[in-house]
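>>> Show me the folded form of this:
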Amino acid sequence: MSTKKLELEAMSIDDLWSLHEEISGILSDRIKAEKQELEKRLAVLGGGMAMLAEATGPGVSPTGKQRRKYPRVLPKYRNPQTSETWSGRGKRPRWLVAAMKSGRRIEDFRIGEAAPKLRQRA
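Coordinates of the predicted model:
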């Protein structure tokens, strides 16, 4: 490595610049060839996935397993101003977060209950 470094340090600026241009050309050619090869492989893989999706149809994963059916979740909370609903799952909607910051309780937006029911012990 040290002999190559000494050879480069001894070269003139014009020689170094021509070497730089030659190396840049070779690198760009190799990068283009590699890119074309990767695009070919991607097209083969992409075509295979598209054909698999067409063959299996909707509701079937690429591995061939039937997708699990989830029960429908009914909404539990409603925005009285816009009638937007939330099932109580996932992230709280913005309208509910804003209402809770303003001092209202989540029970105020509950659907089907005018007032929260208290649990009774048997």
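>>> phi, psi of the closest residue in space to residue 95 that isn't next to it in sequence?
Closest residue to residue 95 apart from its sequence neighbours, by CB to CB, 6 or more residues apart in numbering: residue 79 at 4.8 Å. No exception for glycine: its C-beta is placed from N, CA and C like everyone else's. Note on residue 79: backbone dihedrals following degrees, to the nearest 10 are phi -80, psi 120.
>>> after the longest helix belonging to the chain, next one along is what?
Across the chain, the helix with the greatest residue count (assigned by DSSP state H) is helix 13-56. Later in the chain than helix 13-56, the nearest helix or strand by DSSP states H and E is strand 77-78.
>>> Which elements pack onto that next one?
Using 3 or more CB pairs under 8 Å, 6 or more residues apart in numbering; DSSP states H and E, the elements in contact with strand 77-78 are strand 85-86.
>>> one more time with 10 Å
strand 85-86, helix 94-101 (3 or more CB pairs under 10 Å, 6 or more residues apart in numbering; DSSP states H and E).
>>> which residues are contacting it?
For strand 77-78, the external contacting residues (CB atoms under 10 Å, 6 or more residues apart in numbering) are 84-88, 92-93, 95-96, 99, 106-112.
>>> returning to that earlier point: where does the longest helix of the chain sit relative to the chain's centre, distance-wise?
Averaged C-alpha coordinates place helix 13-56 at 25 Å from its chain's average position (CA atoms, centre = their mean, to the nearest Å).
>>> what do you get for stretch 79-92?
25 Å.
>>> Mind giving me the packing neighbours of the longest helix of the chain?
Partner elements for helix 13-56 (3+ CB pairs under 10 Å, 6+ apart): helix 2-10.
>>> Report the inter-axis angle for the helix it packs on versus helix 13-56.
120 degrees (axes from the mean of the first three to the mean of the last three CA atoms, to 10 degrees).
>>> Now do helix 2-10, average pLDDT.
For helix 2-10, mean pLDDT is 79.
>>> How about stretch 70-79?
91.
>>> swap in stretch 82-102?
On average, stretch 82-102 scores 93.
>>> again, but for stretch 112-122
Stretch 112-122 comes out at a mean pLDDT of 55.
>>> And for stretch 43-51?
73.
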